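1. I would like the atomic coordinates for the input below:
(chains A and B)
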Amino acid sequence: MVELATDLTVREVAKAAETVLGRAVDVTPATHIARDLAVDSLALMNIVMELEDRFDLSIPLDRLATVETVGDLSELINKLRVKA
Amino acid sequence: MGLLDKHASYRDAYEGIRAAGVDPFNVRFEAVLSPTEGQLDGRKVILLGTNNYLGLTFDPACVEASAAAVRKWGTGTTGSRIANGTFGGHMAMETALARFYGRKHAMVFTTGYQANLGVLSALVGRGDHLILDADSHASIYDGARLCQSEVIRFRHNDPDDLYKRLKRLEGQPGERLIVVEGIYSMMGDVAPLKEIVAVKKETGAYLLVDEAHSMGVLGEKGRGLAEAAGVEADVDFIVGTFSKSLGAIGGFCVADVDDFDLLRVVSRPYMFTASLPPAIVASTLTALERLEQDGSLRGKLEANAQRLWSGLQRLGYTTGPKASPIVAVVMPETSMAIAMWNALLANGVYLNLALPPATPDNRPLLRSSVSAAHTFEQIDAVIAVFDQLGQEFGLLPKRARKSA
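-> Next up, the predicted model:
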């Protein structure tokens, strides 16, 4: 179950990244956001904004400090969803 | 491995930019001749990227006040106000700002950047929610990092999006503070403040407006967007700077809130840095008087902004939606922006090269800021250079040359 939820979230992260970056991306939970996706800090914040709307929740920027990989971001979203 | 290795990607990009000509982030002026003219390699250039909106940097009264203050009070305060005390000028400046804005309280910071750091970090803390416009200035983002509250961005100038994001926070404890800017520094666009005030009221949030680029520019009295939009009573905090229309350096916050003076003992960017030197305070006070007494400065600024904006529009450049003292020309891509910037400089026009991610929508910009001190001849000269280069670079359609 947990695995499944994460997979779905990873897919949503990929979709949000594609919307913001305007190009196709290939992601797995291990994908490093800055390095592998060449995403700068602003693009990451825009991806987060997109994800907030997709999941209808708040993802505070201060929580991004520990996010490095797509898996980290998906985990953060899943945690926030449980809280919401 | 070196400490700076993590910035390797910036090094490569920066080297690429420098290899294309002059370093746009470190232009070396041999002299500044007036608010609108500088000297580079023995040549005069028109200064069109210095945020000197009212052109007061060489105002004789401001210069004299500054010179008198440095003789009377010395070159600096050599420390913070909590350690070295408050000088007469600091008090006079705070009194003048509170009166100008019609507020109970005013507090002066050493820079505009520090004003945002100092105010945001003191107003919200752990458990509170800071809601920022996505295109906020770096000082607002850095203030957000210092304050330990939850930070949420809303889509630029979009009150509906702000509302949606505040609604998501419903039921959560903690205060909400919305932060917007009067005029946004990159495109020169203005916040829809009336609509934002409506959202603020409905959701019970506080509102802070950074009038850095709008003080002295908008409003009948020059108080900024809150005045122009007629919503001053609903804006809880106004932050601003002395380094643009007032022609010096420094920052401030004004408010009516009780206990405002507590900021003086909890705001670290206020407490742990040296206070403004008396000479700076003196010229700023005089510049504020000039701003208040001489409404014609704003008229000239508006006429110059209109002339530059409509001239560039007429040529076919993509700019902001309306005339504003900040006129940004959108470039198709970064290498073209760099080449154009260098060619403009070589042809006697200095403006700002703004590159992503510091720009909205990842678009490179040639950003100008107009001054009341520009002459129509200077503005027309700039438009002529843009015309000539636009055709040379293929940015504008080729036209038959008008006969002389």
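
2. For my notes, confirm residue B:108 occurs in a strand.
-> Yes. Secondary structure of residue B:108 (DSSP: H, G, I helix; E, B strand; the rest coil): part of a strand.

3. what ranges do the helices span in chain A?
-> Taking DSSP state H as the test, the helices found in chain A are A:2-21, A:33-36, A:41-55, A:70-83.

4. who's in contact with the shortest one?
-> Contacts of helix A:33-36 from elsewhere in the structure, counted by Cβ atoms under 8 Å, 6 or more residues apart in numbering or on different chains, are A:27, A:39-40, A:44, A:67-70, A:73. (Each C-beta comes from the backbone N, C-alpha and C, glycine too.)

5. show me the contacts for residue A:31.
-> Counting by Cβ under 8 Å, 6+ apart, residue A:31 has contacts A:37, A:69-71.

6. Adding distance to residue B:148, pLDDT and neighbour count, write these out as CSV.
-> As requested, those are exported to CSV (distance: Cβ to Cβ, whole Å; pLDDT from 0 to 100; neighbours: other Cβ atoms under 10 Å in any protein chain shown):
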residue, distance to residue B:148, pLDDT, neighbour count
A:37, 28, 89, 21
A:69, 25, 95, 19
A:70, 26, 95, 24
A:71, 26, 94, 20
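
7. Now flag whichever of those residues is closest to residue B:82.
-> Comparing the contacts of residue A:31 against residue B:82 with Cβ to Cβ picks out residue A:69 as the nearest, at 44.1 Å.

8. can you tell me which residues contact residue 58?
-> Since you didn't name a chain, this refers to chain A. With contact set as Cβ under 8 Å, 6+ apart, residue A:58 has these partners: A:52, A:80, B:150, B:152, B:165, B:168-169.

9. not what I meant, chain B
-> Contacts for residue B:58 were tallied using Cβ under 8 Å, 6+ apart; they are B:34-35.

10. Model confidence for it, exactly?
-> pLDDT for residue B:58: 98.

11. From residue B:52, how far off is it?
-> When Cβ to Cβ, to the nearest Å is the yardstick, residue B:58 and residue B:52 sit 9 Å from each other.

12. how many neighbours does residue B:6 have?
-> The burial metric for residue B:6, expressed as a neighbour count using other Cβ atoms under 10 Å in any protein chain shown, is 9.

13. where does it land in three-state SS?
-> When the structure is split into helix, strand and coil by three-state DSSP, residue B:6 lands in helix.

14. quick revisit: let me have the contacts of residue A:31 in TSV, adding distance to residue B:272 as columns.
-> Supplementary listing: the contacts of residue A:31 in TSV, determined by distance: Cβ to Cβ, whole Å:
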residue	distance to residue B:272
A:37	38
A:69	37
A:70	39
A:71	39
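
15. for those residues, which one is nearest chain B?
-> Closest approach to chain B among the contacts of residue A:31 (Cβ to the nearest Cβ): residue A:37, at 13.5 Å.

16. what's the distance between the lowest-mean-pLDDT helix or strand in chain A and the middle of its chain?
-> Among the helical and strand segments of chain A, the one scoring lowest on mean pLDDT, DSSP states H and E is helix A:2-21, with a mean of 85. Averaging C-alpha coordinates over helix A:2-21 and over its chain gives two centres that are 6 Å apart (Cα atoms, centre = their mean, to the nearest Å).
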